[in-house]
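>>> this is the structure alone, sequence omitted:
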């Protein structure tokens, strides 16, 4: 099992986006950086370009991965809300009514993946992200 502190540094990001509800596929290419911001916090910054439905749009997001008093790590949105537990190789869930999100983190320190599926009345998509050491 990898911890967020095992993945510090810069990563090339390649993400496929399959929006089944809209019948559109796209890609995101860019950079992900994981940096230690304290003994119990890793900042996860993503930036890149999304090519989707014939358009190009800059995209970015920031997450915080925090270690709690129980030594378990969890992923938080930048506003502090919990996104999901940091669990390596097993499914995690994020309830965001009216849709359900299921994700999984897998791989190793040379190539890791993040997969999310969203299903419900408002969304039906899959995101597959592959992260490799930045060139």
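Ah, there it is. Computed from a predicted structure; not experimentally measured.

>>> what about stretch 111-129, start to end distance?
10 Å (C-alpha to C-alpha, to the nearest Å).

>>> need the pLDDT of residue 96.
Reported pLDDT at residue 96 in the predicted model: 86.

>>> distance check, it against residue 50.
In this view, residue 96 and residue 50 are 20 Å apart by C-beta to C-beta, to the nearest Å. For glycine as for every other residue, the C-beta is placed from the backbone atoms N, C-alpha and C.

>>> where exactly do the strands run in the protein?
9-19, 24-38, 41-52, 55-67, 73-77, 82-85, 92-96, 99-108, 111-119, 124-133 (DSSP state E).

>>> quick one, which of the ones you listed is nearest to residue 3?
strand 73-77 (6.4 Å; C-beta to C-beta).

>>> and the strands of the chain, which one is worst for confidence?
Among these, strand 92-96 scores lowest, with a mean of 89.

>>> can you report how many residues lie near the residue lying closest to residue 109 once chain neighbours are set aside?
Nearest residue to residue 109, sequence neighbours excluded (C-beta to C-beta, 6 or more residues apart in numbering): residue 6, at 5.7 Å. When neighbours are defined as other C-beta atoms under 10 Å, residue 6 has 13 of them.

>>> who has more neighbours, residue 96 and residue 50?
Per other C-beta under 10 Å, whichever of residue 96 and residue 50 has more neighbours is residue 50, with 17 against 13.

>>> how much space between the more buried one and residue 16?
11 Å.

>>> overlap in contacts of these two?
26, 27 (C-beta atoms under 8 Å, 6 or more residues apart in numbering).

>>> residue 131 is in contact with residue 32, correct?
Yes - if you go by C-beta atoms under 8 Å, residue 32 and residue 131 touch, sitting 5.7 Å apart.

>>> quick check: beta-bridge partners of residue 58?
In this entry, residue 58 is beta-bridged to residue 49, by DSSP bridges.

>>> give me the neighbour count for it.
Neighbours of residue 58 (other C-beta under 10 Å): 9.

>>> could you do residue 93 as well?
The burial count for residue 93: 11, using other C-beta under 10 Å.
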